[in-house]
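*Asks:* predicted model, plus sequence, below.
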Amino acid sequence: MRNLIVVIAVVSLAGIGTASAQQEFGENSSFLDRVYTGGGINLSIGSNVTIIGASPILGYMITDKLSAGIGVTYMYYRLNRADLSTSIYGGKVFTQYTVYQPIILYSEYQALSYDFVLGDGIDDREIISSLNVGGGIMQPIGSVVNFQLLLLYDLLYDNLKSPEPNALSLRGGITVGF
């Protein structure tokens, strides 16, 4: 945990001294000037659980500081000790606000279809909702590419049904403007 805090601090401090790659939009900005894409990948391999997935997004810059978008998620989820696996998939909507470059606030509603294996061996697929809120940093890598590191808390977390191990999650991803 201590190493994780050090990495977050170093990346945050590095972003403060870097010039912003965030675009400023004028009246003549086209629709495509404001559109961006990106996402993240999931890889978690442990003695109890293996998760492999991808979460592409498509966003739109509403103002210079506020954006919103949609995304899809797919995860292969395996309980190693029980020798059970399933596919988890669904969609999300999100908003992001730049407080002061590189600091961002982030919120996301996500609904995932999750296949539960019950004690009697019967599968029961349910829709599991999450409401993630938090913030992080958005570090420019180039003129239209940004790296994001987010620390999020799921306000709807259910320890019996959520595919995530706990309500707090650390995410990283890349966004690319057009």
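*Replies:* Cool, the structure landed. Numbers count the residues shown, from 1 in each chain.

*Asks:* only C-alpha atoms for contact and neighbour calcs from this point on.
*Replies:* Will do.

*Asks:* helices of the chain, residue ranges please.
*Replies:* Under the criterion DSSP state H, helices of the chain are mapped to 2-16.

*Asks:* where does pLDDT dip in the protein?
*Replies:* Applying pLDDT under 70 to the chain flags the ranges 1-27, 116-122.

*Asks:* what about the strands in it?
*Replies:* 35-45, 49-61, 66-79, 84-100, 103-117, 123-140, 145-154, 168-177 (DSSP state E).

*Asks:* dump those strands into TSV; add distance to Leu160 and mean neighbour count as well.
*Replies:* Shown next, in TSV, are the strands of the chain (distance: least, CA to CA, whole Å; neighbours: other CA atoms under 10 Å):
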stretch	distance to Leu160	mean neighbour count
strand 35-45	19	16
strand 49-61	15	19
strand 66-79	14	18
strand 84-100	16	17
strand 103-117	10	19
strand 123-140	11	19
strand 145-154	14	20
strand 168-177	15	16
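
*Asks:* out of these, which is closest to Ser162?
*Replies:* Across the strands of the chain, the minimum distance to Ser162, taken as CA to CA, is reached by strand 123-140, at 6.9 Å.

*Asks:* tell me what that closest one is packed against?
*Replies:* For strand 123-140, the packing partners by 3 or more CA pairs under 8 Å, 6 or more residues apart in numbering; DSSP states H and E come out as helix 2-16, strand 103-117, strand 145-154.
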